[in-house]
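Undergrad: From the sequence below, what's the structure:
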Amino acid sequence: MEDPLQTAIRQHQRGFLHEAARMYQAILARNPNHADALHLLGVAAHQLGQHPQAAELIGRAIALQPAMPAYHANLGEVWRALGQIERAIDSCRTALRLQPNYAEAANNLGLALLARGNIAEAIDQFRAALQFKPHFAMAYNNLGNALRLHGDPVAAIAHFRQAIQCDPRLAEAHTNLGQILCEQNQRKESLIHCREAVRLRPNFPEALSNLGNVLRELGQLAEAKTHYTNALRLNPDIGMVYNNMAQALQEEGRIDDALAWYEQALRRDAKTARIHCNLASALEERERHEEAIARYEIALRLDPQCPEAHNGLGFVHHEEGRDDEARVHYQTALRLKPDFAPAHCNLGVLLEELNDLEAAETCFRSALQHDPEHAGALAQLATILRGKLPAEDLAALRRLLAEKDLLDGKRAILHFGLAQVLDARGEHTEAAEHLRQANGLSLATWSKRGENYDPASHAQFVAEMKTLCTPNFFERVRGWGLESECPVFIVGLPRSGTTLLEQVLASHSQVFGAGELRYTRDDFESLPSVLNRAESPMKCMGQLDRETIQRVGQRHLDRLRALNGTAARIVDKMPDNYLYLGFLAVLFPRAKFIHCRRDLRDVAVSCWITNFRHIRWANDPGHIVSRFREYRGIMEHWRATLPVSIFDVSYEDTVADLEGVARRLVAWCGLDWEPACLAFHETKRPVRTASVTQVRQPLYTRSVARWKHYEAALGSLFAQLGERPA
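TA: Residues are numbered from 1 along each chain as shown. Below is the predicted model of the structure:
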């Protein structure tokens, strides 16, 4: 008759843990001091997640037979599971003292050292384990993990492959290889290994999560979320799975849902930098910049070498116009992770805005070298090169667009990029079709994010502003504003020539071009808190007193002066400030107000062809018509009521007579003429709008009457706009 212990061990080896545990307990009922039964029951308890019980059982076995190396090695794994890393290390070292060539103990010691953050020492222990036992598949797998953390993905991949060669059924090696291949943008092979890991171990939550990750990268979000759900059903305490689900929801544009899932992830795992980074990226999408920065900084405190945190901080600083800080963070991210395609792309966008187009192109190509399917880099290349885009890049763009599972956001930016190329090549019919698809996808994305444009709400805002800003209102507050002539406000619709006029003025030695600042809207929306009233900003504007006007105006001026303390004029060319001209005229009655006008049909086409990051009304012809109608109405109101003069500049006149318009513009600002204003395209300054490439070139006329190329596609829109600019 077979020894009961051997029967129990055989059940244990087959994976029948509960049955094996029952058999070990039967042995102990007959002999409470059976050391092997105590030890193996402890191992089974550990495998079932009952770690405190496991520690107690294996400890009793060691008390009975302290010279058994296997007992100490396995107790080390239990201590590691309990988070008692120093005790884990001590147990493994004891096992190795008892048996110096004990491969399993060296492997377990490596795991404990890895948990303590001693990556180099862990690598040494895994290599020692492989010297003792050359075909030790799990040691190859663990060495691969350590090398990955050490920043050597090539060596990590090689060791995961070696683990699979030693044991083709090792699910851990398949899932780890799949995850790192996904991170290296080798998604198709990654999917093979991740699916194999789940086939081998269907109840392996980490493998299910990794399979979800590669499916998410491939755009198969529904299936990815199913695997995340199944992983959490098996183990609801893995913070990273909540993080992964949040990323899938963020990809779908469901930002609020994503934020909630990131918070759940942090409740379970607050010490992983990556989760803080991903939460920060979602906050940034909501333009909650201060909160995003705080999260990225937490990530860096947890892991100062985190490239994702540096890249994210770079992006937020870039959005806020802090270019020097943004550049440092992008470069740091690339120093830490040279193959980090998103950081290459982001640095390229910054360099493009700084007029280093050659370096920008190099960055975009570096991104594509590391990730040939990086949609953002391809679209940026298409946008800056337009008709000069090489044939192989155009073919790559079309190939990527043909991928059936491409995420909508990526598909939209590729359609926009391809349309820019086709437009420059005169292939307007095909360009229009790509623009139809691009704008449709963007419109759907806004909807998913719950950020639909509401024409009625905007019309109500305009109506309320016109009702408030009457001659009587302006008479009541006359003389209460600041006397500074420093601010110059350039307003108008997007794509009406505002960036061009700012660039002309910024080429003057006494003018600083500040770009598109959010100060005016921020000041307007801050009025309830400034006045300490629980009313709308509009109602508060109607209740302004001299002290509040001076206070808000001085704060605004101080922020401008913080950008440049010596310039005689500081230009804020936020186009949408045409909505707040009445407010600005109250704060700064001696400021210079410049309004850019352009044929509204050309403005409509230029908006329709541009991939705006924050403008929600430009993707729908009906929204464009509604927005332009309200624009015309409020500009007519300002001309009739505003107590300050507005200098109207026609884009068409500027193109036809740049010098004449530029001279009048400089004189309007109270400055002497400088010829440098005609060489605006040579001025070295950041330009962070959709017009960045245009204002880096001498003035051209091809954008005048551009609408005629798209009459077939947008004829109904043009008919509603008419020819007359505002």
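Undergrad: residues near Ile119, how many?
TA: 18 (other C-beta atoms under 10 Å). To be clear about C-beta, it is placed using only N, CA and C from the backbone, and glycine gets the same treatment.
Undergrad: How about Arg597?
TA: So Arg597, with other C-beta under 10 Å, has 21 neighbours.
Undergrad: you'd agree it is up against Ile490?
TA: No: applying C-beta atoms under 8 Å, one finds Arg597 not in contact with Ile490, separated by 11.9 Å.
Undergrad: can you list the domains in the chain?
TA: 4-244, 455-721 (automatic domain parsing).
Undergrad: which of those sits most buried?
TA: Per-stretch averages of neighbours, counted by mean count of other C-beta atoms under 10 Å, single out domain 4-244 among those, with a mean of 20.
Undergrad: Which of the domains of the chain comes out lowest on mean pLDDT?
TA: When the domains of the chain are ranked by mean pLDDT, domain 455-721 comes last with a mean of 90.
Undergrad: thinking again about what came up before, can you add distance to Glu433 and give the domains of the chain back as JSON lines?
TA: What follows is the domains of the chain, written out as JSON lines (distance: least, C-beta to C-beta, whole Å):
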{"stretch": "domain 4-244", "distance to Glu433": "22"}
{"stretch": "domain 455-721", "distance to Glu433": "8"}
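Undergrad: closest one to Glu263 among the ones you listed?
TA: Glu263 lies closest to domain 4-244 among these, at 8.7 Å (C-beta to C-beta).
Undergrad: how about the helices of the stretch 151-300 of the chain, start to end?
TA: Along the stretch 151-300 of the chain, counting by DSSP state H, counting those that start in this stretch, helices occupy 153-166, 171-183, 187-200, 205-217, 221-234, 239-251, 255-268, 273-285, 289-302.
Undergrad: ok, now how distant is Ala70 from Arg425?
TA: Distance, Ala70 to Arg425, using C-beta to C-beta, to the nearest Å: 72 Å.
Undergrad: should've said Arg533
TA: 56 Å.
Undergrad: Kindly report the same for Leu221.
TA: 34 Å.
Undergrad: How about the contacts made by the residue nearest the centre of the chain?
TA: With distances taken as C-alpha atoms, centre = their mean, the residue of the chain nearest its centroid is Ser281 (4.6 Å). By C-beta atoms under 8 Å, 6 or more residues apart in numbering, Ser281 lies in contact with 250, 292, 312.
Undergrad: Contacts only, for the last one.
TA: Meaning Gly312. 277, 280-281, 284, 292, 296, 299.
Undergrad: now for those residues, which pair is the farthest apart?
TA: Glu284 and Ala299 (13.0 Å).
Undergrad: So for the two, which residue has more residues nearby?
TA: Higher neighbour count among Glu284 and Ala299: Ala299, with 25 against 19, using other C-beta under 10 Å.
Undergrad: Would you confirm that the more buried one contacts Lys271?
TA: No: with contacts counted by C-beta under 8 Å, Ala299 stays clear of Lys271, the gap being 10.3 Å.
Undergrad: Sticking with Leu368, tell me its helix or strand.
TA: helix 357-370 (DSSP states H and E).
Undergrad: Identify the residues contacting whichever helix or strand comes after that helix?
TA: Later in the chain than helix 357-370, the nearest helix or strand by DSSP H and E is helix 375-385. The contact list for helix 375-385, computed with C-beta under 8 Å, 6+ apart, reads 341-342, 344-345, 348-349, 352, 357, 360-361, 364-365, 367-368, 371, 389, 393-394, 396-397, 400, 406, 410-411, 413-414, 416-418, 420-421, 611, 693.
Undergrad: Next step: those restricted to helices.
TA: Members of the contacts of helix 375-385 lying in helices (criterion: DSSP state H): 341-342, 344-345, 348-349, 352, 357, 360-361, 364-365, 367-368, 393-394, 396-397, 400, 410-411, 413-414, 416-418, 420-421.
Undergrad: who touches the closest residue to His12 other than its chain neighbours in this structure?
TA: For His12, ignoring the flanking residues on the chain, the nearest one in space by C-beta to C-beta, 6 or more residues apart in numbering is Ala20 at 3.8 Å. Ala20 sits next to 8-9, 11-12, 40, 44 when contact means C-beta under 8 Å, 6+ apart.
Undergrad: so how far is Asn210 from Ala20?
TA: With C-beta to C-beta as the criterion, Ala20 and Asn210 are 29 Å apart.
Undergrad: quick one: contacts for Thr520?
TA: 489, 556, 572, 574, 577, 580, 583-584 are the contacts of Thr520 under C-beta under 8 Å, 6+ apart.
Undergrad: want to try JSON lines for the residues you listed, with distance to Gly239 and secondary structure as columns?
TA: As requested, the contacts of Thr520 are arranged in JSON lines below (distance: C-beta to C-beta, whole Å; DSSP: H, G, I helix; E, B strand; the rest coil):
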{"residue": "Phe489", "distance to Gly239": "48", "secondary structure": "strand"}
{"residue": "His556", "distance to Gly239": "43", "secondary structure": "helix"}
{"residue": "Asp572", "distance to Gly239": "43", "secondary structure": "strand"}
{"residue": "Met574", "distance to Gly239": "41", "secondary structure": "coil"}
{"residue": "Asn577", "distance to Gly239": "44", "secondary structure": "helix"}
{"residue": "Tyr580", "distance to Gly239": "44", "secondary structure": "helix"}
{"residue": "Phe583", "distance to Gly239": "46", "secondary structure": "helix"}
{"residue": "Leu584", "distance to Gly239": "48", "secondary structure": "helix"}
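Undergrad: Where do the strands of the stretch 601-726 of the chain begin and end?
TA: 646-650 (DSSP state E, counting those that start in this stretch).
Undergrad: hang on, the earlier thing: could you say which helix or strand holds the residue nearest to His12?
TA: Going by DSSP H and E, Ala20 is in helix 17-30.
Undergrad: tell me the secondary structure for Val488?
TA: strand (DSSP: H, G, I helix; E, B strand; the rest coil).
Undergrad: Name whatever forms a beta bridge with it.
TA: Val571, Lys592 (DSSP bridges).
Undergrad: who touches it in this structure?
TA: 505, 511, 569-572, 591-592, 594, 669.
Undergrad: mind checking how far the residue nearest to Glu206 when sequence neighbours are not counted is from Ile192?
TA: Among residues not flanking Glu206 along the chain, Thr175 sits closest, at 6.4 Å (C-beta to C-beta, 6+ apart). As for Thr175, its distance to Ile192 is 12 Å (criterion: C-beta to C-beta).
Undergrad: out of the contacts of Val488, who's nearest Val198?
TA: Asp572 (55.1 Å).
Undergrad: Any figure for the gap between the closest one and Leu354?
TA: Taking C-beta to C-beta, one finds Asp572 at 20 Å from Leu354.
Undergrad: tell me how far the ends of stretch 576-589 are from each other?
TA: 19 Å (C-alpha to C-alpha, to the nearest Å).
Undergrad: What segments of the stretch 51-200 of the chain are strands?
TA: Going by DSSP E, counting those that start in this stretch, the stretch 51-200 of the chain shows no strands.
Undergrad: How many residues are close by Asp405?
TA: That count, for Asp405 with other C-beta under 10 Å as the rule, works out to 11.
Undergrad: How about Leu368?
TA: Neighbour tally, Leu368, other C-beta under 10 Å: 21.
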